[in-house]
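Asker: what follows is a protein structure lacking sequence information:
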């Protein structure tokens, strides 16, 4: 393959396939949206918690892909060159999540105890935390975080677009420098965001590992989505025949690393808190070990760690895109379950504390729990396909593109 | 008994070639005939030769590492369980004696340790190391492998090996000399 591809030649062909992906994703998204609206009306207690879970899942995919793009600018490596346009397109979808947070902002006290003035009035600890944990500050921080991520993503994307046209090496250095700053910002702001979005569901509780675990989870979500996406792109021109098993072997190895890293964080946090067994720390695990949640906790250990870990050890599986894709869909489902495990037990505790729930076991899956994840996923995939349209699907002037294509 | 097929125990046959091209051609020819237990010795590295000599079957090392790792994890778990439950039961914060979360770090460490040792020693054993002396040194002319001759070795352990027919084959491939390699 000639590396002096023009931008027009490097577009995905047929473009109609991206249109079709967009339409299908939108149909799925709209069906999910109808179910979500039904949940809002029929089961508002289920709506807010599952809406947050759906938001977090797809934000972790989008932000994770954007983060991987920056990581690849910093470390180099052929694995990221063919996927760069997916990283950039995912980055350009980030402003969408600003819109998605709106329903939560309008009713923060449905999920977050610190947003309920009456509750805070009777809780001296929350009064002390109110300088940080208050609705106004939450909205500003969330909006600021997503805007900052979007700004960096759009800047990177713009530089990359100009690089396609000119091939100017200075632009590449600009992208690397921006990625260096962006990676630091990504991890730090991700840490703060995880405290706001998830940890503050149980506002007395704290864990210093939580933020890193959140960011690592984003990387895992991103790889889980990237594999099927690269299979889709690899079946079409100009990548047809160039996306080879070796590329998926690389993705599989990186995914294995992220599975282990996620486990390391999960076990690390658990061991420290379990060993200390302090009243203000152990609550998180007590809530997830009682009321019937224990099954979910064990399920996560098996499904999120043991199974993907054991399967990803096989080199043959990693080189087989189809089988790897099946596993990545499983991992994506487990990412959803992980957020469910983080959000729902706390949300249910809060609802019980408000007297909104009848007595009895509180664990329980509701079919509406899935609706927002489907709705947001469908719309987000449509957005991604839209962002991939009419642009070069390969960084045509990248100096290691030729090498990356040969590696494929 | 396989050993009785040969009047004297033979490690294999060593064919000597004058030029690297002749060695490569001979290697390709014997591979074609189905010989796999091959080795070649040249005065300087020739990538094509290493490619032809290496047995491309899958390595057994990963399996050995997996077994080693599992053995390490089992050892650590058994050791800690025995210490904490049987040998020296201690009440720590009123936790159960068999508090498996506390055993995870040591289990993980021994898993890694045993797996790493299995990788290194498994590789040694599969390669037949350590090997202070190799039978090819019994052939006097082998000295010239470091100066100007190119040698091809077919081991007697190869299932296709037949002392007479293999010797004839090597001679027909242009070997200037074919020697028995004694143990």
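Answerer: Nice, thanks for sending it over. These numbers were taken from a predicted model, which means no experiment stands behind them.
Asker: what helix or strand is residue B:148 located in?
Answerer: For residue B:148, there is no host helix or strand (DSSP states H and E).
Asker: please name the nearest non-neighbouring residue to it.
Answerer: Excluding the flanking residues, the one nearest residue B:148 by CB to CB, 6 or more residues apart in numbering or on different chains is residue B:43, at 6.4 Å. In this view, the C-beta of every residue, glycine as well, is placed from N, C-alpha and C.
Asker: give me the phi and psi for that neighbour.
Answerer: phi -70, psi -20 (degrees, to the nearest 10).
Asker: pretty sure it is touching residue B:142, no?
Answerer: No - the pair residue B:43 / residue B:142 is not scored as a contact, 11.9 Å apart, by CB atoms under 8 Å.
Asker: helices or strands next to the biggest helix by length in chain B in the packing?
Answerer: The helix that spans the most residues within chain B, counting by DSSP state H, is helix B:100-126. Counting contacts by 3 or more CB pairs under 8 Å, 6 or more residues apart in numbering or on different chains; DSSP states H and E, helix B:100-126 packs against helix A:245-276, helix B:61-81.
Asker: out of these, which one sits most buried?
Answerer: The highest average neighbour count among the helices and strands packed on helix B:100-126, using mean count of other CB atoms under 10 Å in any protein chain shown, belongs to helix A:245-276 at a mean of 18.
Asker: residue B:181 sits in which helix or strand?
Answerer: Per DSSP H and E: strand B:177-182 holds residue B:181.
Asker: how about that strand: buried residues?
Answerer: B:178, B:179, B:180, B:181 (16 or more other CB atoms under 10 Å in any protein chain shown).
Asker: how about stretch A:189-202?
Answerer: So, applying 16+ other CB under 10 Å, buried residues of stretch A:189-202: A:189-191, A:193-202.
Asker: can you list the residues of the stretch 201-350 of chain A near chain B?
Answerer: A:267, A:270, A:271, A:274, A:275, A:277, A:313, A:315 (CB under 8 Å from any CB of the partner chain).
Asker: just flag the most distant two among those residues.
Answerer: A:277 and A:315 (41.6 Å; CB to CB).
Asker: distance between the lengthiest strand in chain B and the chain's centre?
Answerer: The single longest strand within chain B, with elements called by DSSP state E, is strand B:10-17. Centroid separation between strand B:10-17 and its chain, computed with CA atoms, centre = their mean, to the nearest Å, is 19 Å.
Asker: and what of stretch A:398-408?
Answerer: With CA atoms, centre = their mean, you get 28 Å for stretch A:398-408.
Asker: now do that stretch, average pLDDT.
Answerer: On average, the pLDDT along stretch A:398-408 is 76.
Asker: next: stretch A:101-116.
Answerer: Computed over stretch A:101-116, the average pLDDT equals 91.
Asker: tell me the buried residues in that stretch?
Answerer: A:101, A:103, A:104, A:108, A:109, A:110, A:111, A:112, A:113, A:114, A:115, A:116.
Asker: can you give me the strands for chain A?
Answerer: Using DSSP E, strands in chain A do not occur.
Asker: got any ranges where the chain has weak pLDDT?
Answerer: Using chain A here. A:1-5, A:359-361, A:408 (pLDDT under 70).
Asker: hmm, I had chain B in mind actually
Answerer: Residues of chain B meeting the criterion pLDDT under 70: B:1-8, B:56-57.
Asker: what about the residue in it positioned nearest to chain A, how many residues nearby?
Answerer: Minimum separation of chain B from chain A (CB to the nearest CB) falls at residue B:101, amounting to 5.3 Å. A count of nearby residues for residue B:101, using other CB atoms under 10 Å in any protein chain shown, gives 12.
Asker: where's the residue nearest to the spatial centre of chain B relative to residue A:202, distance?
Answerer: In chain B, the centroid-proximal residue (CA atoms, centre = their mean) is residue B:127; its distance is 2.3 Å. According to CB to CB, to the nearest Å, residue B:127 stands 56 Å off from residue A:202.
Asker: and if you look at residue A:28?
Answerer: 33 Å.
Asker: ditto for residue B:124
Answerer: 53 Å.
Asker: residue B:33 now?
Answerer: From residue B:33 to residue A:202 the distance is 72 Å (CB to CB).
Asker: now swap in residue A:144 and tell me
Answerer: From residue A:144 to residue A:202 the distance is 23 Å (CB to CB).
Asker: which residues touch the spatially most distant residue from the centre of chain B?
Answerer: For chain B, the largest distance from the centre (CA atoms, centre = their mean) belongs to residue B:94, which lies 52.2 Å off. Listed by CB atoms under 8 Å, 6 or more residues apart in numbering or on different chains, residue B:94 has no contact partners.
Asker: let's verify it: helix, strand, or coil?
Answerer: coil (DSSP: H, G, I helix; E, B strand; the rest coil).
Asker: thought residue B:175 was touching residue B:25, still the case?
Answerer: No - judged on CB under 8 Å, residue B:25 makes no contact with residue B:175 at a distance of 11.0 Å.
Asker: so what's residue B:58 up against?
Answerer: Contacts of residue B:58 by CB under 8 Å, 6+ apart: none found.
Asker: hang on, it in a helix?
Answerer: No - Residue B:58 is assigned coil when assessed by three-state DSSP, not a helix.
Asker: and the longest strand of chain B, what does it pack onto?
Answerer: helix B:20-32, strand B:150-155, helix B:163-172, strand B:177-182.
Asker: point out the most buried one among those.
Answerer: strand B:150-155 comes out most buried of the helices and strands packed on strand B:10-17 by mean count of other CB under 10 Å, with a mean of 24.
Asker: how far off centre is that one?
Answerer: On CA atoms, centre = their mean, the centre of strand B:150-155 falls 17 Å from the chain's centre.
Asker: quick one: it to strand B:10-17, angle?
Answerer: 160 degrees (axes from the mean of the first three to the mean of the last three CA atoms, to 10 degrees).
Asker: partners of strand B:150-155 in the sheet?
Answerer: strand B:10-17 (antiparallel), strand B:38-41 (antiparallel) (DSSP bridges).
Asker: can I get the ones you listed in CSV including mean neighbour count?
Answerer: Shown next, in CSV, are the strands paired with strand B:150-155 (neighbours: other CB atoms under 10 Å in any protein chain shown):
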stretch, mean neighbour count
strand B:10-17, 22
strand B:38-41, 19
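Asker: residue of chain A closest to chain B, please.
Answerer: Counting by CB to the nearest CB, chain A gets nearest to chain B through residue A:274 (5.3 Å).
Asker: correct me, but that residue touches residue A:286?
Answerer: No - under the criterion of CB under 8 Å, residue A:274 makes no contact with residue A:286, lying 10.7 Å away.
Asker: residues in contact with the closest residue to residue A:108 other than its chain neighbours?
Answerer: Of all residues not flanking residue A:108 in the chain, residue A:115 sits nearest, at 3.7 Å (CB to CB, 6+ apart). Neighbouring residues of residue A:115 by CB under 8 Å, 6+ apart: A:108, A:109, A:134, A:135, A:138.
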